[in-house]
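> coordinates for the following, if possible.
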Amino acid sequence: MRMLPAQPCLLCGAPSKTGLCCEACDAELPRLTGGHCPVCALPTPSGEVCGECLKHAPAFDHTVAPFSYGFPLDKLIQSLKFRERLILVNYLADAVVKRVTAVPDCLVALPLHQSRLRERGFNQSMLLARRISQRLDIPLLPHACERVRNTPPQSSLPWKERDKNMRQAFTCIPEAGVRGKHVAIVDDVMTTGASIGELAQALKRAGAREVSAWVVARTLPHDR
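Next comes the predicted model:
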């Protein structure tokens, strides 16, 4: 077996021969375990649908999330988004792939507005979606949906204002090819679910039969 040369762990800097993170840091990543609502991925005692989803069902039908959004996973995602550590894309996308049990017909990435895309230079959700598309051999529809409102970043707003901020932020073209299909939306983090929920509504207006949310991390109540 060929041994890989040691490289600095992205979290602690110690030599790592197991990947981007050393074994110790990888073990510290906050994996989402235990019972969780199959719709929104928030904890429930026995893995049943949570009360909030029963009362106010979101537009998406399922959520896949390998991690909760906490230390030190949050540092990896922030490094990808704001420090252009694109080497993290495969590592994070492959973690999502390992949690997938039901394969959809196609993937879409949560779009960035064109002005935000020009500013950042890349859409991390699209990069994650491309990797997942390759790993699972699922068609990616890169131009099916568009962000038509340049909304303030969700992280800059109080929780109660996030749903309002995302209203009518997305559109999906009728020729997108989603009619009658199960579509998975790929994003990095789900916090309130407002962004993914609004895009899911747009996809269902375009005829999607079912919409899943595939995210690297889910923000849990104690993280809010």
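> and the strands in this structure?
Along the chain, the segments classed as strands by DSSP state E run 7-8, 15-16, 62-64, 67-68, 106-109, 145-147, 170-172, 182-190, 210-218.
> contacts for the first one?
Applying Cβ atoms under 8 Å, 6 or more residues apart in numbering, the set of residues contacting strand 7-8 from outside is 14-17, 20. Where you see a C-beta, it was placed from the backbone N, CA and C, and this is true even at glycine.
> can you add pLDDT, distance to Arg147 and neighbour count and give the residues you listed back as a markdown table?
Shown next, in a markdown table, are those (pLDDT from 0 to 100; distance: Cβ to Cβ, whole Å; neighbours: other Cβ atoms under 10 Å):
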| residue | pLDDT | distance to Arg147 | neighbour count |
| --- | --- | --- | --- |
| Ala14 | 88 | 39 | 13 |
| Pro15 | 88 | 41 | 11 |
| Ser16 | 85 | 36 | 21 |
| Lys17 | 78 | 41 | 11 |
| Leu20 | 87 | 29 | 19 |
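> need the strands of the chain in CSV (columns: distance to Ser115).
Output for the strands of the chain, formatted as CSV (distance: least, Cβ to Cβ, whole Å):
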stretch, distance to Ser115
strand 7-8, 35
strand 15-16, 38
strand 62-64, 29
strand 67-68, 30
strand 106-109, 17
strand 145-147, 10
strand 170-172, 15
strand 182-190, 19
strand 210-218, 24
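> who wins for proximity to Pro30 among those strands?
With Cβ to Cβ as the measure, strand 67-68 is the member of these nearest Pro30 (4.6 Å).
> what residues does the closest one touch?
Here strand 67-68 has contacts from 29-32, 73, 95, 216-220, 223, using Cβ under 8 Å, 6+ apart.
> let's see it at 10 Å
Strand 67-68 is contacted from outside by 29-33, 36, 41-43, 73-74, 76-77, 92, 95-96, 99, 189, 215-220, 222-223, using Cβ atoms under 10 Å, 6 or more residues apart in numbering.
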